[in-house]
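1. Okay, here's the prediction I keep looking at, along with the sequence it came from:
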Amino acid sequence: MNIKINPQNDKHFADGKPTLSASELTVGYKERKKSVNILFERVKFSIYPGDFVCLLGPNGSGKSTLLRIISGIQKPIDGEILIDGKNIAAYDSRELAKKISIVLTEIFDINNASVYSIVSMGRYPHNNWLGILRREDFEIVDNMLKVTDLLQYKDKNFFELSDGIRQKVMIARALAQDTPLILLDEPTAYLDAPSRIEIMHMLRHLAKQFRKSIIVSSHDLDLALQAADKIMLITKEKNIEIDTPEDLVLNGHFETVFNTKEVKFHPQKGIFKKKAEKKITLKIVGSKTEIFWTERALERIGISIRPDKDALGLLQIVKQNNEILWQLNIGTETFTFYSIGELLDYLSRLNFS
């Protein structure tokens, strides 16, 4: 049976009309002598409700500039940005605040404010000129505190909280603003690894739950590959490629954008590695977890893994009496090590020339 699918006409693939679209967009900035430095030009893209998108690119490629243009803070050199089908330039400030909410890297400076009061600030575009909250506003604020797991902090002073919880508060504030589009500029920049993972996956879940379009600029390529529905990738050719992380990897775009003389992207594993300084190879056998961490350690000292007989030696990882052993066979000799550290110490001292 043949099944034909047209993604452009199927709401399973695109939830109706795009929240955000750009056409013929040219972005750049003026330099000292009035010349214009073009960051990317004549690009076209669309973001749909429920999309969680990570904006990636090399340093200086224009990620923050693009977010400023999407938010209406900065004007493009050419082209247009549409929010819900309307040119962003046609919105007044209050109308635009009902369409776009922004979470910046820097936490804003406010003293003696509770979590509840900060999240409540997100309702300002929907209030009257006195800023008085209605019953509906209180219900929305309570719900946003609940879905971001912040109810237990609602009466806490904002600056008594950890960085990770503060960032959640700012996300809850953006959600309370109830806009179809949420922009976040490096929201995980100052967080530890568990907090970064929690925030990114929470954002993805919220995009689906509330059918929001969420765009996050990031330098964390590994995390973006894990969490994003789509990646908006600024290329070296002054263009933007937008697709699933997996398609961008398989199409070679990640390697083209991020590879340097010393650091290479490895599509087989989805990670970046520094180029090995030595050309020493070992064949390694054992369980997947031990092989993974052993290989990482060996590559750090310039030893790579080959699955064939042309490798310099054989490294077997075995378990005996609930103990892990590393047995290295080079030529006719066998050496046994009781930790990766012992193995590295030995190999680092050998002269393989």
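-> Now that the structure is in, tell me what you want to look at.

2. In the protein, which residue is most central in space?
-> The centre of the chain sits closest to A224, judged by Cα atoms, centre = their mean, with a distance of 3.1 Å.

3. Next one: it from R306, what distance?
-> For A224, the distance to R306 equals 30 Å [Cβ to Cβ, to the nearest Å]. Every residue, glycine included, has its C-beta placed from N, CA and C.

4. Can you mark which positions in stretch 47-65 are buried?
-> Going by neighbour count (16 or more other Cβ atoms under 10 Å), the buried part of stretch 47-65 is 47-57, 61-65.

5. residue contacts, the residue nearest to the centre of the chain?
-> C54, L56, M200, S218, I231, P245 (Cβ atoms under 8 Å, 6 or more residues apart in numbering).

6. wait, isn't the last one in contact with L233?
-> Spelled out, it's P245. No - the pair P245 / L233 is not scored as a contact, 9.4 Å apart, by Cβ atoms under 8 Å.

7. and the gap between E262 and K273?
-> Using Cβ to Cβ, we find E262 at a distance of 10 Å from K273.

8. These two: which has the busier surroundings?
-> Neighbour count, other Cβ atoms under 10 Å: between E262 and K273, K273 has more, with 15 against 9.

9. Just give the number of residues close to S195.
-> Counted with other Cβ under 10 Å, residues neighbouring S195 total 17.

10. quick one: it is in a helix?
-> Yes - per DSSP: H, G, I helix; E, B strand; the rest coil, S195 lies within a helix segment.

11. Could you say which helix or strand holds T256?
-> Per DSSP states H and E: T256 is located in helix 253-258.

12. In terms of secondary structure, what does that helix contact?
-> Helices and strands touching helix 253-258, by 3 or more Cβ pairs under 8 Å, 6 or more residues apart in numbering; DSSP states H and E, are strand 230-234, strand 263-266.

13. So which bits of it are buried?
-> Within helix 253-258, the residues that count as buried by 16+ other Cβ under 10 Å are H253, F254, V257, F258.

14. Where does the prediction get shaky in the stretch 151-300 of the chain?
-> The model of the stretch 151-300 of the chain has pLDDT under 70 over residues 275-279.

15. Would you map the strands across it?
-> 181-185, 213-217, 230-234, 240-243, 263-266, 271-274, 280-285 (DSSP state E, counting those that start in this stretch).

16. From W326, how far out is K283?
-> Using Cβ to Cβ, K283 is found at 13 Å from W326.

17. Which one's more surrounded, the two?
-> Neighbours per residue (other Cβ under 10 Å) separate K283 from W326, with W326 holding more: 22 against 17.

18. for the more buried one, what are its contacts?
-> T294, L315, Q316, I317, T336, F337, Y338, S339, I340, E342, L343.

19. chain center to the host helix or strand of it, what's the gap?
-> Per DSSP H and E: W326 is located in strand 323-330. Centre-to-centre, strand 323-330 and its host chain are 38 Å apart (Cα atoms, centre = their mean, to the nearest Å).

20. From the rest of the structure, what touches the following helix or strand past that strand?
-> Going down the chain from strand 323-330, the next helix or strand is strand 333-337, by DSSP H and E. Residues outside strand 333-337 that contact it (Cβ under 8 Å, 6+ apart): L325, W326, Q327, L328, L343, Y346.

21. related to what we said a few turns ago, could you spell out the sheet neighbours of the strand holding W326, each with its direction?
-> strand 313-320 (antiparallel), strand 333-337 (antiparallel) (DSSP bridges).

22. can you dump the C-alpha coordinates of the shortest one into CSV?
-> To tie it back to what came earlier, the one meant is strand 333-337. Only the C-alpha atoms of strand 333-337 are listed here, as CSV (Å, rounded to 0.1, in the frame of the first residue of the first chain):
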residue,chain,number,x,y,z
GLU,A,333,52.8,-9.1,26.2
THR,A,334,49.7,-8.7,28.3
PHE,A,335,49.2,-6.0,31.0
THR,A,336,46.4,-5.8,33.5
PHE,A,337,45.0,-2.6,34.9
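
23. State the distance from D243 to A207.
-> Between D243 and A207 the distance is 17 Å, computed by Cβ to Cβ.

24. More neighbours: those two, which one.
-> A207 (21 against 15).

25. Now do the contacts for the more buried one.
-> Going by Cβ under 8 Å, 6+ apart, the list of residues near A207 reads G50, D51, F52, S213, I214, D229.

26. Out of these, flag the one nearest to L181.
-> The shortest approach to L181 among the contacts of A207 belongs to S213, at 4.9 Å (Cβ to Cβ).
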